[in-house]
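>>> Just a sequence and a predicted model for now, questions to come.
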Amino acid sequence: MQFSVTTGSSASEATGCVILPLFEDGPLPAATQAVDESCGGILSRLVDVGDASGKPGRTLLLPGLEGVGAERVLLTGCGKQDGFDAKALNRAVAAAAQALGQTGVEDAASYLSQAGIAGADAYYAARITVAAASGAAYRFDELKSNAPKDGKLGAFAIAAASGDAPEAERGTIHGQAISVGVGIARDLGNRPANVCTPSHLADEACRLADRYEHVETEILDEEDMQRLKMGALLSVTDGAEEPARLILMQYNGADSDSAPVAICGKGITFDTGGISIKPSAKMDEMKFDMCGAASVLGTMAALGELQPRINVVGVVPACENMPGGRATRPGDIVTSMSGKTVEVLNTDAEGRLILCDALTYAARYEPRCLLDVATLTGACVVAVGHLYTGLFSNDENLAGDLLAAGKRSLDPAWQLPVDDEYGEGLRSNFADFANIGGRYAGASIGAQFLSRFVDGTPWAHLDIAGAAWHPSGKRKGATGRPVPMLVDFLLNLQ
Ligand code: BES
Ligand code: MN
Ligand code: ZN
């Protein structure tokens, strides 16, 4: 979809459809009022008789109103005037884009962000509008032989007051870049494990390096990993026929002496659990176990689009977790790249094994801060569901910055504890420590395990086991999170 900013008035804008806000209470918003006046009060009459509703998510399409520049009007419910914030705007835009996706409308102009949004300026209002409209238009039908072609909406304008136009313009550009990144992360997440293999992730990372000037990609194979003594990572891929890859990406937007942000992303392209095999119900969901990796690629793409003056490195360990004659057994002891030994008491706690070597490797870049993104624990889904990313950090400033970035981009995280005490259960009689540790607070135990591989570097672990995908129904699929949070965080570092 093509996005732009318009400073035209709602009544005279020449477009396929003007998208107008309608609240459950109070008078008509100015943009809606202006159209109402030009068409002789039809809109207010529809509200009076109850045909049009301001309830969140409701829409009403009206064609051919006389005196109005647009071919159609889409009244869009925005809820209570008082509570109209960024989240409500997001919901209203998504509802409008969804409704127009079922019509022949080819171009539209949205006046929803002009209804006075609490806590969002013209920049954020435009950014959120773009992200919501492209998110609603997203389809994953590359593997359907006869995909329905729904909707023709190809151009989407965002209305702004002329004084706000430059900021709205900037928000539109950022929103588009974020949407490119989210789209890549969603596609990779939605692809099944027989398509999205470690080599496929590596190929896609190389494609991004071809596409974007300041992005570089290097791929290491299992021999390289052996040379690097990544015994923890390699122990996870032992049962798999599919070869593992370590994907190294760099976005170079600043001088080479400027310390980068390093982001490690869990790239388990399928998690059977290994010898500690998972129950078969819903095991298909474990194709999403590479969504951390996908978010690193998506974030790199967004940076490639926007070219901010920062340096970012991505370290993506990618492999399958399979049972097999050569698979790691419970009780096996592996030596990580750091030299620390780990007793693998459960082969299903594999994410921390591939990430600990990725974190050790990332230290080579002497990063200013170190992030990891992983669908790490079912316990995180139990704690915060699919609404929040679980955030764990050894640095309160870094945690605060990430929480704020998540809030601004409607991609929220919730901070959970990672105290040393959570590591007590990892004690092992046979190795430095084990890879599992007790029944309760599983997300914090996983985070505690990872914290042992970051030394003093400011570090944050993002557990996206819930946030990265919707579990069921029509929305089942990858969300592209936490690309919006990461991009917002990185743009604010410049
Ligand atoms: N990939 C899973 C975590 C997961 C579970 C992600 C559900 C998304 C939805 C991870 O590798 C795993 O299996 N974790 C185990 C850890 C346990 C053995 C300590 C878990 O959460 O059960
Ligand atoms: Mn697992
Ligand atoms: Zn896993």
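In hand now; what should we look at? Residues are numbered from 1 along each chain as shown. Ligands and ions are numbered 1, 2, ... in the order given.
>>> what does the domain assignment say about this protein?
2-160, 179-491 (automatic domain parsing).
>>> would you list the ones you listed in a markdown table and tack on mean pLDDT and distance to E167?
Bear in mind the C-beta positions are built from the backbone N, C-alpha and C, glycine included. Formatted as a markdown table, the domains of the chain follow (pLDDT from 0 to 100; distance: least, Cβ to Cβ, whole Å):
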| stretch | mean pLDDT | distance to E167 |
| --- | --- | --- |
| domain 2-160 | 95 | 4 |
| domain 179-491 | 98 | 14 |
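>>> Please identify the most buried of those.
When neighbours are counted by mean count of other Cβ atoms under 10 Å, the highest per-stretch mean among the domains of the chain falls to domain 179-491, a mean of 21.
>>> so which of the domains of the chain comes closest to G171?
Within the domains of the chain, the stretch nearest G171 is domain 2-160; the backing value is 3.2 Å (Cβ to Cβ).
>>> C-alpha coordinates for stretch 176-192, PDB please?
Presented in PDB, the C-alpha positions along stretch 176-192 are these (Å, rounded to 0.1, in the frame of the first residue of the first chain):
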ATOM      1  CA  GLN A 176       6.000   2.300   6.300                       C
ATOM      2  CA  ALA A 177       9.500   1.200   7.300                       C
ATOM      3  CA  ILE A 178       8.200  -0.500  10.400                       C
ATOM      4  CA  SER A 179       5.500  -2.200   8.300                       C
ATOM      5  CA  VAL A 180       8.100  -3.500   5.900                       C
ATOM      6  CA  GLY A 181       9.900  -5.000   8.900                       C
ATOM      7  CA  VAL A 182       6.800  -6.400  10.500                       C
ATOM      8  CA  GLY A 183       5.700  -7.900   7.100                       C
ATOM      9  CA  ILE A 184       9.000  -9.700   6.800                       C
ATOM     10  CA  ALA A 185       8.800 -11.000  10.300                       C
ATOM     11  CA  ARG A 186       5.200 -12.200   9.800                       C
ATOM     12  CA  ASP A 187       6.000 -13.900   6.500                       C
ATOM     13  CA  LEU A 188       9.000 -15.800   8.000                       C
ATOM     14  CA  GLY A 189       7.000 -16.800  11.100                       C
ATOM     15  CA  ASN A 190       4.000 -18.000   9.100                       C
ATOM     16  CA  ARG A 191       6.100 -20.100   6.700                       C
ATOM     17  CA  PRO A 192       6.000 -23.800   7.700                       C
END
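>>> if we can go back for a sec, looking at the domains of the chain, spot the one closest to ligand 3.
Distances from ligand 3 to each of these were compared using Cβ to the ion; the minimum, 3.7 Å, belongs to domain 179-491.
>>> what about that closest one, how long is it end to end?
15 Å (Cα to Cα, to the nearest Å).
>>> quick revisit: and the domains of the chain as a markdown table, adding distance to ligand 1?
Converted to a markdown table, these look like this (distance: least, Cβ to the nearest ligand atom, whole Å):
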| stretch | distance to ligand 1 |
| --- | --- |
| domain 2-160 | 19 |
| domain 179-491 | 3 |
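>>> Can I get those in JSON lines including distance to R170?
Shown next, in JSON lines, are the domains of the chain (distance: least, Cβ to Cβ, whole Å):
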{"stretch": "domain 2-160", "distance to R170": "6"}
{"stretch": "domain 179-491", "distance to R170": "10"}
